[in-house]
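Visitor: have a look; sequence and predicted model below, questions after that.
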Amino acid sequence: MKKYWWILVIPILIIGAWLIFNPKKPGYTELNAGPHLQGNPDASISLVEFSDFQCPACQAAFTMAHDLIANYGDKIKLEYRHFPLPQHSYALGAAVAAECAADQGKFWEYYDLLFPNQAKLTKADLSGYAAQVEGLNADLWQVCAASGVKEKRVKADLAEAIKQGFNSTPTFLLNGQKVEDWSALPGIIQSLLQPAVSLNPAASATSTVK
């Protein structure tokens, strides 16, 4: 029987190797899968941005979005959605990291750290940003990030972008319609909120009579 000892040992070695190279991810229960909104949720002007944390153009759009909320935050609603492009190797990881922050109600605070630091999006960098966000439980964030649970949320946004035929970032929808030139958004929104007032000819004539 001794010569058959290897029949028992080999399966044990295989199982051991599998456990070493395929460690079980820590358990984590998703806390928040809702949309990421800024501004007035009841606003008549709705802006949806599909974006990528590693995209240079999205960094410029990040600044524009901040300005829009600062100027018209009580009159518009801005929703952020993920569109990590495959050529950006850190984009998916950054999106998942932001979702883990969102689980603790800190999406926008984490978002504010990602775009200004596009050149630093490694796992170590993302962990460092989690430690910087005030009120964020970094240990819980780490468990979320390691679990991979939030990838499903990010990939759902990605699938929606692909379904709609989007092929570049950022892509903006204004009241459901794709905006071809997103850099024109400040002017478009201003015109919607502050339309030009046509002068009443009679009133104008009266005002000029002395």
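Guide: Alright, I've got the coordinates.

Visitor: helices of this protein, residue ranges please.
Guide: With helices called from DSSP state H, the chain shows them at 5-21, 56-72, 91-102, 107-114, 123-132, 138-147, 151-163, 185-193, 201-208.

Visitor: so His36 versus Tyr111, what's the distance?
Guide: 8 Å (Cβ to Cβ, to the nearest Å). Placement of C-beta: from N, CA and C, glycine included.

Visitor: name the residues contacting each of the two.
Guide: Common contacts of His36 and Tyr111, defined by Cβ atoms under 8 Å, 6 or more residues apart in numbering, comprise Tyr80.

Visitor: pLDDT weak spots in this protein?
Guide: 1-26, 195-210 (pLDDT under 70).

Visitor: re the thing from before, just the helices of the chain: most buried one?
Guide: Mean neighbour count (mean count of other Cβ atoms under 10 Å) peaks for helix 91-102 among those, with a mean of 25.

Visitor: specify the beta-bridge partners of the closest residue to Leu37 other than its chain neighbours.
Guide: For Leu37, ignoring the flanking residues on the chain, the nearest one in space by Cβ to Cβ, 6 or more residues apart in numbering is Glu79 at 5.4 Å. Per DSSP bridges, the residues bridged to Glu79 are Leu37, Val48.

Visitor: on that earlier part again, got JSON lines for the helices of the chain, with distance to Pro84 too?
Guide: Formatted as JSON lines, the helices of the chain follow (distance: least, Cβ to Cβ, whole Å):
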{"stretch": "helix 5-21", "distance to Pro84": "26"}
{"stretch": "helix 56-72", "distance to Pro84": "10"}
{"stretch": "helix 91-102", "distance to Pro84": "4"}
{"stretch": "helix 107-114", "distance to Pro84": "12"}
{"stretch": "helix 123-132", "distance to Pro84": "13"}
{"stretch": "helix 138-147", "distance to Pro84": "15"}
{"stretch": "helix 151-163", "distance to Pro84": "6"}
{"stretch": "helix 185-193", "distance to Pro84": "22"}
{"stretch": "helix 201-208", "distance to Pro84": "54"}
